[in-house]
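Q: just need the structure, nothing else, for what follows:
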Amino acid sequence: MIKKNIIGLIIVTLLLLTACGAGGSKGASSSEKSQGVSDKEIIVGQIGAQSGAYGVYDAVRQGLQSYFNYVNEEGGVNGRKIKLIAYDDKFEAKTTVQNAKRLEENDKVFALVGNVGTIQTMAIVPYLEQRNLPLIGLTSGSKVLFNPPNPNIFGNVVNYTVEIDILVDYLIKEKGVKKIFVSYLNNDAGKETLDGIARALERYPDVKVVGEGPHLPTDTDFTAIAQKVKESNPDVVVMGSGPSTTANLKKELHKIGLQDVLYAASSTGGDDPNLFKLVGEDVWSGTISTTSIPSPEVSKDPEMKDFVDQYKKDFPKSSTSGFAMWGWAMGQIFVEAVKRSGEELTRENLKKQLETLDNWEGSLYPAITYTPDSHYGNTTIYITEAKDGAIVPVTKPITYDVKEKTIKYSE
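A: Now for the predicted structure:
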């Protein structure tokens, strides 16, 4: 009997100690936190090409890391430092899936930030939903990821169809083009380039598409497509693709003597000065594209200096323009949502707080808006031209109104 009483007393004592420990542990009763979050640290993951044909996209990771370094040097977010774990998927979707599982199940990340690629992101959508894993910021504006909005995915690139519509509208009104040749990724996402052109041409019945050249993201030989361009005799070639394929087609056109044909590219393929290095300044000069973040040389954003100073310190051999700015801005969006989450730093609350961003101007992007009906985030672009080794805006901001579904040009 005494023995039983002693055992009972020990059990009660252990239960009391456990209860007291739980009540006294910082965060257990005063806050809610998810995997990857401690009192001193937030672990996030990033997946993108760091090597191979699409290695230029590694600038996104660099910009993201640089912003987290900047935040950490200032004391972190609500007292927590941010740790970034990034993996190279070489722009291969199967590797993206492997890396997502590794980050979630082995590295125990809180969220993914700044992933690269449409097809790569599509490959992990089921896993994001299965694990309730948020992805904030990615280099894609494809409607296959955002229409309808995915509760786990928050973008930062203008809808591809809208972007190409705006780009073609500019080419027709400002450059006087009448005949268009279009090359696009041969998949559902890439065909949005065709949708954008069709949308623009509804307003211009006398302008026609005179040729098409679909391609794969892995293609390196653009001889056949360049020959099709020559036979079509267009005023402009519109390219909806990534940087490597976009550069290779422009190089091939230049090689066969089509230097005078206008060349226009989506932001994912043309918004980075590294393209001057990939094909040569004489080849890339004159390319028309779009951007949402003007380069540091022409930007009027007072926060651009912080980016340049920190990025030069962290990656002194890399360009401060282009995709690095995208990564920095993606980090800014994530950090703002973490700040707004306060001590309730859970995945659900993070997503909830992202949808409170309404025309938020706290990043390098002109403004970010998320609503339950739209997770594109950024809706403003500039038309650009490649000049003297730089990507230079040649228009004022052009904005797509998500609610009214109309394009608005600045006066």
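Q: need the contact list for residue 400.
A: 158-159, 162, 166, 379-380, 406-408 (Cβ atoms under 8 Å, 6 or more residues apart in numbering). Using the backbone N, CA and C atoms, a C-beta is placed for each residue, glycine as well.
Q: give me the next element, helix or strand, following the helix or strand harbouring it.
A: Applying DSSP states H and E as the criterion places residue 400 in strand 398-401. Moving toward the C-terminus from strand 398-401, the next helix or strand (DSSP H and E) is strand 406-409.
Q: where does pLDDT dip in the stretch 1-150 of the chain?
A: 1-32 (pLDDT under 70).
Q: tell me where the stretch 51-200 of the chain has strands.
A: Using DSSP state E, counting those that start in this stretch, the strands of the stretch 51-200 of the chain run over 81-88, 111-116, 135-139, 153-154, 179-184.
Q: from the chain's centroid, how far away is the second one?
A: Same thing as strand 111-116. 8 Å (Cα atoms, centre = their mean, to the nearest Å).
Q: next, the angle from it to strand 135-139.
A: 10 degrees (axes from the mean of the first three to the mean of the last three Cα atoms, to 10 degrees).
Q: so what touches strand 111-116?
A: 36, 44-49, 54, 57, 60-61, 64, 84, 89, 91, 96, 100, 103, 121, 128, 133-139, 326-327, 330-331, 334, 347, 350.
Q: what's the answer for the fourth one, then?
A: Contact partners of strand 153-154, identified using Cβ under 8 Å, 6+ apart, comprise 121, 125, 128, 134-138, 145-146, 333, 351, 354, 370, 375, 377.
Q: quick one: strands adjacent to it?
A: strand 135-139 (parallel) (DSSP bridges).
Q: coming back round to it: what's the closest of the strands of the stretch 51-200 of the chain to residue 283?
A: Closest approach to residue 283 among the strands of the stretch 51-200 of the chain is made by strand 179-184 (16.3 Å; Cβ to Cβ).
Q: helices and strands around the closest one, which ones?
A: helix 192-201, strand 208-212, helix 223-232, strand 236-240 (3 or more Cβ pairs under 8 Å, 6 or more residues apart in numbering; DSSP states H and E).
Q: quick one, what contacts residue 278?
A: Contacts of residue 278 by Cβ under 8 Å, 6+ apart are 56, 243-244, 247, 284.
Q: hmm, back to that, make JSON lines out of the strands of the stretch 51-200 of the chain and add distance to residue 290 and mean neighbour count.
A: Output for the strands of the stretch 51-200 of the chain, formatted as JSON lines (distance: least, Cβ to Cβ, whole Å; neighbours: other Cβ atoms under 10 Å):
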{"stretch": "strand 81-88", "distance to residue 290": "26", "mean neighbour count": "19"}
{"stretch": "strand 111-116", "distance to residue 290": "18", "mean neighbour count": "28"}
{"stretch": "strand 135-139", "distance to residue 290": "13", "mean neighbour count": "27"}
{"stretch": "strand 153-154", "distance to residue 290": "21", "mean neighbour count": "26"}
{"stretch": "strand 179-184", "distance to residue 290": "16", "mean neighbour count": "23"}
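Q: do me a favour and get the end-to-end distance for stretch 289-307?
A: Length of stretch 289-307, first residue to last, Cα to Cα, to the nearest Å: 23 Å.
Q: tell me the buried residues in it?
A: Using 16 or more other Cβ atoms under 10 Å as the test for burial, stretch 289-307 gives 289-296, 299, 301, 304, 307.
Q: could you do stretch 273-284 as well?
A: Buried residues in stretch 273-284 (16+ other Cβ under 10 Å): 273-276, 278-279, 283-284.
Q: just the mean pLDDT for it, thanks.
A: Stretch 273-284 comes out with an average pLDDT of 91.
Q: export stretch 133-144 to PDB, keeping only CA atoms.
A: Output of stretch 133-144 as PDB, limited to C-alpha atoms (Å, rounded to 0.1, in the frame of the first residue of the first chain):
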ATOM      1  CA  LEU A 133       3.700  24.800 -46.700                       C
ATOM      2  CA  PRO A 134       3.700  28.500 -47.800                       C
ATOM      3  CA  LEU A 135       5.700  29.700 -50.800                       C
ATOM      4  CA  ILE A 136       6.200  33.500 -50.800                       C
ATOM      5  CA  GLY A 137       7.600  35.100 -54.000                       C
ATOM      6  CA  LEU A 138       8.500  33.100 -57.100                       C
ATOM      7  CA  THR A 139       9.700  34.000 -60.600                       C
ATOM      8  CA  SER A 140       6.400  33.200 -62.300                       C
ATOM      9  CA  GLY A 141       3.300  35.000 -63.300                       C
ATOM     10  CA  SER A 142       1.600  32.000 -64.900                       C
ATOM     11  CA  LYS A 143      -2.100  31.800 -64.500                       C
ATOM     12  CA  VAL A 144      -1.800  28.000 -64.000                       C
END
